[in-house]
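1. Sequence and computational prediction follow.
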Amino acid sequence: MCKAVVVVPTYNEIENIERLLRTVFSLQREFHVLVVDDNSPDGTARAVEANFKTYPNRLFILNRKEKDGLGSAYIAGFKWALEKEYDYIFEMDADFSHNPNDLIRLFNACHKDGNDMAIGSRYVKGVNVVNWPMSRVLMSWLASKYVRLIMRLDIYDTTAGFICYKRNVLERINLNNIRFVGYAFQIEMKFKTHLSNFKIKEVPVIFTDRTKGESKMSSGIISEAIFGVIAMKFNSVFNRKNFNRTSFH
């Protein structure tokens, strides 16, 4: 079977999802796609299901009852992928902010170069962001600097959501104890990967803001990241041995 699956969370991505599927399935390397849809009222799930016959045994969907956060969508997708025995499991947005062509580069960083996590990084070589207002670029860049400082992570793009994991990373991390759902989810996953001494590689990519559909960014997500970082660092300092096994709750 295919070794690699791309987990794509969706909520109201009807304008993007079919084009995304065509692009991923046209790549030279074979990837499967798992869409995790949070009961999108615009019919995203129906559009995915309409493509099952076009991409048999390559396209899958998890239909969830309600919108329950990016982090929980990825956790559901990760668990599904582990059960299906995939060796490489990806995070990728549905809105083309992540270039599907870069999937191959992330795959190679793990499969060929021996890394356990490959991050599609906006900031490892300068600032590679297109179509964002300067205020948002600055906020995102400063957030990553803040995380690097507080958590002492040698990662430039700590909030990146374009990632390849080897399955052993997700097996080692206790997915049931992942607390956060927004930006802090991405930080938490990287931090736990780091604490488990896995090999992490940042692969420079160009991030292009969505041109169709609406952004899911909110002030609550940003606040979660700011205060979540402090909670994660506090827990890791005082309970390092049990960090991967103990919930923050």
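-> Now that the structure is in, tell me what you want to look at. Residues are numbered from 1 along each chain as shown.

2. pLDDT score assigned to the closest residue to Lys67 other than its chain neighbours?
-> Excluding the flanking residues, the one nearest Lys67 by Cβ to Cβ, 6 or more residues apart in numbering is Asp38, at 4.2 Å. To be clear about C-beta, it is placed using only N, CA and C from the backbone, and glycine gets the same treatment. For Asp38, the model assigns a pLDDT of 96.

3. Based on its surroundings, how many neighbours for Asp38?
-> 22 (other Cβ atoms under 10 Å).

4. Tell me who's in contact with it.
-> Counting by Cβ atoms under 8 Å, 6 or more residues apart in numbering, Asp38 touches 9-11, 64, 66-68, 73.

5. Pull out the buried residues from those.
-> 9-11, 64, 67, 73 (16 or more other Cβ atoms under 10 Å).

6. Which ones among those map onto helices?
-> The helices, defined by DSSP state H, take in Ala73 from the buried ones among the contacts of Asp38.

7. Leu59 is in contact with Asn51, correct?
-> Yes - here Asn51 reaches Leu59: they are 5.9 Å apart, a contact under Cβ atoms under 8 Å.

8. what do the two both touch?
-> What both Asn51 and Leu59 touch, as defined by Cβ under 8 Å, 6+ apart, is the set Leu21.

9. Can you list the residue ranges for helices in this protein?
-> Under the criterion DSSP H, helices of the chain are mapped to 17-25, 44-49, 70-83, 102-111, 134-151, 167-172, 183-195, 219-238.

10. of the buried ones among the contacts of Asp38, the lowest pLDDT goes to which?
-> Least confident by pLDDT among the buried ones among the contacts of Asp38: that is Lys67, with 88.

11. was I right about it contacting Pro9?
-> No - under the contact definition of Cβ under 8 Å, Lys67 does not touch Pro9, with a separation of 9.9 Å.

12. quick one: Glu91 and Pro100, what's the gap?
-> Distance, Glu91 to Pro100, using Cβ to Cβ, to the nearest Å: 13 Å.
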